[in-house]
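**Q** no FASTA, just this:
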């Protein structure tokens, strides 16, 4: 879900893991791409990803999330998300 915070579009990614996981989040729209990595501790955690202006609003973008644990095991998922327009 992309919300507004401090005048900026923020993608909130919720992760419920029983061990620390490295989270990689990609937002892709054509040739435009944003990537953020964050390590989340066990339990329900939240990763906030700022959606820059180069990701155009009013269109769909691809979201890919990859979770990797300490042993190197990884799980990935991809979905389409709606990107809200920039506020003026």
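**A** Structure's in. What do you need? Since the model is a prediction, treat every value here as computed from it, not as a measurement. Residues are numbered from 1 along each chain as shown.
**Q** ok, the spatially most central residue of the chain to residue 87 distance?
**A** Closest to where the C-alpha atoms of the chain average out (Cα atoms, centre = their mean) is residue 25, at 4.3 Å. Counting by Cβ to Cβ, to the nearest Å, the separation of residue 25 from residue 87 is 23 Å. Bear in mind the C-beta positions are built from the backbone N, C-alpha and C, glycine included.
**Q** Check residue 36 too.
**A** Taking Cβ to Cβ, one finds residue 36 at 22 Å from residue 87.
**Q** Mind checking which of those two has more residues around it?
**A** Taking other Cβ atoms under 10 Å, residue 36 and residue 87 do not tie; residue 36 has more neighbours (15 against 9).
**Q** so how far is residue 83 from the more buried one?
**A** The spacing between residue 36 and residue 83, counted by Cβ to Cβ, is 16 Å.
**Q** What of residue 50?
**A** Distance from residue 50 to residue 83, by Cβ to Cβ: 13 Å.
**Q** Likewise for residue 25?
**A** Taking Cβ to Cβ, one finds residue 25 at 14 Å from residue 83.
**Q** Go ahead and confirm residue 68 touches residue 22.
**A** Yes. Under the criterion of Cβ atoms under 8 Å, residue 68 makes contact with residue 22 at 4.6 Å.
**Q** in this protein, what spans have low per-residue confidence?
**A** Where the chain drops to pLDDT under 70, the residues are 1-7, 88.
**Q** And the strands in it, which stretches?
**A** Using DSSP state E, the strands of the chain run over residues 2-5, 8-17, 21-29, 32-40, 43-51, 60-68, 74-82.
**Q** Between strand 43-51 and the fourth one, find me the angle.
**A** This means strand 32-40. 150 degrees (axes from the mean of the first three to the mean of the last three Cα atoms, to 10 degrees).
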